[in-house]
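> return atomic coordinates for the entry below.
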Amino acid sequence: MSLETKLAGWTGPSSDSEQEKQDRTERMIREAMQGHPGLDGCTLKVYAKGSYANNTNVRSDSDVDIVVQCNDVTYWEEAAPGVHPTSTPYTGIWTPDKLRAELASALRAKFPGHVDTSGSTAIRIESNTARVEADVVPAFNYKYYFASGGHRSGSRVYKKDGTYLTNYPDQQLVNGRAKNTATGARYKKAVRIMKRVENGMVASNHHREVPSFFMECLVYNCPNEVLMRSTWTDIIQGVIVHIWNELQGAEPTETSKRWLEPNEIKYLFHSSQPWTRADGRDFVKAAWNYLGYTS
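Model prediction:
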């Protein structure tokens, strides 16, 4: 089989049967939230995020990430003191611990014996023959107020230890779709190829596991013209070369030259990320050799 044929065969999403299991898993989680009395009175937004939501998942990475976001509480930050409009302090019951406890209770009732709450952030639901594994993340509204006026919205996720993450799933979804449209649907296909390359390298002991989201970020930072080349052999070669060349050396001090996550808000490389620039170069070097590129 030629490399072009192999790469072209790796462009597709999960199989129809796997997609059905993913959709069923999401639906069952929504049902668990709707039917749990402990969540009565809490305005919830339940939505998928990550590879499943962005349609970049492949069969070997078919778990789903579901956010259950409490809309009754908004955490906020401001670019300068006094930018945030005055408001009445929240005095309700929905603390991070309370929300997590009620979500866990609802999920145990829906998936008895298949819920793992030991993780620091997500509540894990084990798979069976009818559904895939799922990570359910409790979250709250978040807003960042600009000094010039206005704000941007995201979600605030609290871990068990009280630390938190700020995510921008809506922006990631919109930007991923825009890049996919601008590249004639090649962006998401290229992401799936790189994920399948990683799966193959791990299975054959060519390379260690690499986070799925990190691979998506790396491809997102490749120029559209690279993704618009005429063959998949040339596209993936261009992706690998671009990542290898651009991630040389230390993180730039000039902010305009720093790579961003697909939400185009958070920097891809910083001290709290689980990956480094060197990790990106190591991955694409291994991918180059695994695919048999020579020049």
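> and what about residue 245, helix, strand or coil?
helix (DSSP: H, G, I helix; E, B strand; the rest coil).
> that one - how many residues pack around it?
10 (other C-beta atoms under 10 Å). (Each C-beta comes from the backbone N, C-alpha and C, glycine too.)
> and the pLDDT at it?
On the pLDDT scale, residue 245 is placed at 98.
> residue 23: helix or strand, and which one exactly?
Secondary-structure element containing residue 23, defined by DSSP states H and E: helix 16-34.
> for that helix, packing partners?
strand 44-49, strand 64-78, helix 96-110, strand 134-145 (3 or more C-beta pairs under 8 Å, 6 or more residues apart in numbering; DSSP states H and E).
> what residues does it touch?
Contact with helix 16-34 is made by 13-14, 39, 44, 46, 48, 52, 57, 59, 62, 64, 66, 68, 103, 106-107, 109-111, 125, 127, 130-132, 134, 136, as judged by C-beta atoms under 8 Å, 6 or more residues apart in numbering.
> can you pull the contacts of residue 132?
With contact taken as C-beta under 8 Å, 6+ apart, residue 132 is in contact with 18, 21-22, 25, 62-64.
> distance of it relative to residue 22?
Per C-beta to C-beta, to the nearest Å, residue 132 is found 5 Å from residue 22.
> nearest spatial neighbour of residue 124, skipping sequence neighbours?
Of all residues not flanking residue 124 in the chain, residue 116 sits nearest, at 4.0 Å (C-beta to C-beta, 6 or more residues apart in numbering).
> surely that neighbour meets residue 133?
No: taking contacts as C-beta atoms under 8 Å, residue 116 lies outside contact range of residue 133: 9.7 Å.
> need the overlap of contacts for those two.
Joint contacts of residue 116 and residue 133 (C-beta under 8 Å, 6+ apart) are 124-126.
> ok, the residue nearest the centre of the chain - contacts?
Nearest to the geometric centre of the chain sits residue 50, at 3.2 Å (C-alpha atoms, centre = their mean). By C-beta under 8 Å, 6+ apart, residue 50 lies in contact with 57, 64-65, 212-213.
> same list (those residues) but as a markdown table, adding pLDDT and distance to residue 78.
Shown next, in a markdown table, are those (pLDDT from 0 to 100; distance: C-beta to C-beta, whole Å):
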| residue | pLDDT | distance to residue 78 |
| --- | --- | --- |
| 57 | 81 | 36 |
| 64 | 89 | 34 |
| 65 | 92 | 29 |
| 212 | 91 | 33 |
| 213 | 92 | 28 |
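> can those go into a markdown table with extra columns for distance to residue 281?
Formatted as a markdown table, the contacts of residue 50 follow (distance: C-beta to C-beta, whole Å):
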| residue | distance to residue 281 |
| --- | --- |
| 57 | 25 |
| 64 | 30 |
| 65 | 27 |
| 212 | 18 |
| 213 | 18 |
